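In: Quick one: sequence plus predicted model below, questions after.
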Amino acid sequence: MNRLGILTSGGDCPGSNAVIRGAVLGGALTHGVEFVGFRDGWRGVLEDDVIPLPRRAVRGISRLGGTILGTSRTNPLKADSPAPVSDSLQRNGVEGLIAIGGEGTLAAARILSDAGINVIGVPKTIDNDLGATDFTFGFDSAVQTATEAIDRLRTTGESHHRCMIAEVMGRNAGWIALHAGMAAGAHAILIPEHRVTMNQIAAWVNSAHARGRAPLVVVAEAFVPAGRDAPYSPRGLDTFGRPRLGGIALLLEQQLQDLTGIETRATVLGHIQRGGEPTAFDRVLATRLGMAAVRAAAAGEWGTMVSLRGTDITTVGLEAALGTTKSVPVSRYLEAEELFG
Ligand code: F6P
């Protein structure tokens, strides 16, 4: 094996550059493999937008946010055929591909792999909701950023004796809300896996207020209060048909203020959580995943995904990574809930 390709696809994530560096250096130093990068995910594959990735191209990039390769949500199978991808890899002399991405990328990687294309997946999402891996890189950075922001909301809330609400990301799962909420000492954490009523949330807010605290509520974007049929999406849907960020923050701001009589302000952290430098934990995890991906390629373990199990990096079949959202277990939620109010 002489030449591999690498790409980042889907929403960006702090740590992507550390994966690229880990793969390129591991390839050069241990396996005698050179890399090229496809720009903007699968778009670069379909349009032959390729750049060489010698060692010097990855010097010092682990600490950088974003991805030096760019990303997009282009579907490599939009022509309903794997041929455009395999033709491009052949044209560019690429024997196998390392695809860094979330659920959509890994699903496409599996179809391409079943069609005989050499692919290895690296799981990537700040949401930490992918099955078959204990943590995804980027999650720790997002939690750190969210925690710092919530700490700031607390001090302004305390000054004004207000209830402060922070909406964090988490399209399908409440991991960021749970961890940032616990780290910041929130009086209520609201996640999609565990629905509670508006009255319950108001009771937590009132209880904190009665003890002289500025109530702090951390809510995951996908939380829907018990008793409501659908998410509140005053800003409509995005191009993927998902409610735009900010709906639940607005709903809570209005309804909690009405229910409690406490002046309430909501903040949507949004893409702030995806930007910026990765934490040391994410840099180490991402570097190890990149090194493991090139090791798997050298061993011919195509059709797999690299994964963190405990403290070990291992490989699992791509199929194991798909179709299972890693939800917050009830026990983890109830543990956090003991400290609410
Ligand atoms: O999947 C990661 C994520 O950050 C979600 O938490 C969020 O809903 C979504 O991406 C936002 O996507 P976009 O950047 O396309 O608006």
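Out: Sure, I can see it. No experiment lies behind these values; they were computed from the predicted model shown. Numbering: from 1, shown residues only.
In: mind checking how far the closest residue to the ligand within the chain is from Ala226?
Out: Closest approach between the chain and the ligand, counting by C-beta to the nearest ligand atom: Met169, at 3.4 Å. Every C-beta, even on glycine, is put in place using the N, C-alpha and C of the backbone. Going from Met169 to Ala226 by C-beta to C-beta, to the nearest Å gives 22 Å.
In: do Gly65 as well
Out: 37 Å.
In: where exactly do the strands run in the stretch 101-250 of the chain?
Out: Listed in chain order, the strands of the stretch 101-250 of the chain (DSSP state E, counting those that start in this stretch) span 119-123, 163-168, 188-190, 216-220.
In: Met169 and Ala226: who's more crowded?
Out: Taking neighbours as other C-beta atoms under 10 Å, Met169 and Ala226 compare with Met169 leading, 24 against 12.
In: quick one: contacts for the more buried one?
Out: 126-127, 142, 176, 220-221, 245, 269-270, 273-274 (C-beta atoms under 8 Å, 6 or more residues apart in numbering).
In: for it, phi and psi?
Out: phi -80, psi 170 (degrees, to the nearest 10).
In: Report the beta-bridge partner residues of the residue nearest to Asn118 when sequence neighbours are not counted.
Out: Of all residues not flanking Asn118 in the chain, Gly96 sits nearest, at 3.4 Å (C-beta to C-beta, 6 or more residues apart in numbering). Beta bridges link Gly96 to Leu4, judged by DSSP bridges.
In: confidence score at Gly96?
Out: Note for Gly96: predicted pLDDT of 98.
In: Next, count neighbours for it.
Out: Close neighbours of Gly96, defined as other C-beta under 10 Å, add up to 22.
In: Tell me who's in contact with it.
Out: 1, 4-5, 118-120, 297, 302.
In: Narrow those residues to those that are buried.
Out: Buried residues within the contacts of Gly96, defined by neighbour count using 16 or more other C-beta atoms under 10 Å: 4-5, 118-120, 297, 302.
In: now, the most widely separated pair of those residues?
Out: With C-beta to C-beta as the measure, no two of these lie farther apart than Gly5 and Trp302, at 13.2 Å.
In: coming back round to it: I'd like the strands of the stretch 101-250 of the chain as JSON lines, with mean pLDDT appended.
Out: Formatted as JSON lines, the strands of the stretch 101-250 of the chain follow (pLDDT from 0 to 100):
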{"stretch": "strand 119-123", "mean pLDDT": "98"}
{"stretch": "strand 163-168", "mean pLDDT": "98"}
{"stretch": "strand 188-190", "mean pLDDT": "98"}
{"stretch": "strand 216-220", "mean pLDDT": "98"}
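In: Would you convert the ones you listed into a markdown table that also reports distance to Thr74?
Out: Listed next are the strands of the stretch 101-250 of the chain as a markdown table, based on distance: least, C-beta to C-beta, whole Å:
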| stretch | distance to Thr74 |
| --- | --- |
| strand 119-123 | 16 |
| strand 163-168 | 27 |
| strand 188-190 | 34 |
| strand 216-220 | 27 |
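In: quick one, what contacts Gly22?
Out: Counting by C-beta under 8 Å, 6+ apart, Gly22 touches 286-291, 293-294.
In: In helices only, show me those.
Out: 286-291, 293-294 (DSSP state H).
In: any chance of the buried ones among the contacts of Gly96 in TSV, with distance to the ligand too?
Out: Shown next, in TSV, are the buried ones among the contacts of Gly96 (distance: C-beta to the nearest ligand atom, whole Å):
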residue	distance to the ligand
Leu4	26
Gly5	24
Asn118	26
Val119	21
Ile120	21
Ala297	26
Trp302	26
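In: any idea which of those is closest to Gly27?
Out: Leu4 (6.4 Å).
In: What confidence value was assigned to that closest one?
Out: Confidence score, pLDDT, at Leu4: 98.
In: hang on, the earlier thing: any chance of the ones in helices among the contacts of Gly22 in a markdown table, plus neighbour count and pLDDT?
Out: Shown next, in a markdown table, are the ones in helices among the contacts of Gly22 (neighbours: other C-beta atoms under 10 Å; pLDDT from 0 to 100):
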| residue | neighbour count | pLDDT |
| --- | --- | --- |
| Ala286 | 30 | 98 |
| Thr287 | 22 | 98 |
| Arg288 | 20 | 98 |
| Leu289 | 27 | 98 |
| Gly290 | 31 | 98 |
| Met291 | 23 | 98 |
| Ala293 | 30 | 98 |
| Val294 | 27 | 98 |
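In: would TSV of these with distance to Phe38 be doable?
Out: Below are the ones in helices among the contacts of Gly22 laid out as TSV (distance: C-beta to C-beta, whole Å):
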residue	distance to Phe38
Ala286	18
Thr287	21
Arg288	22
Leu289	18
Gly290	15
Met291	20
Ala293	15
Val294	16
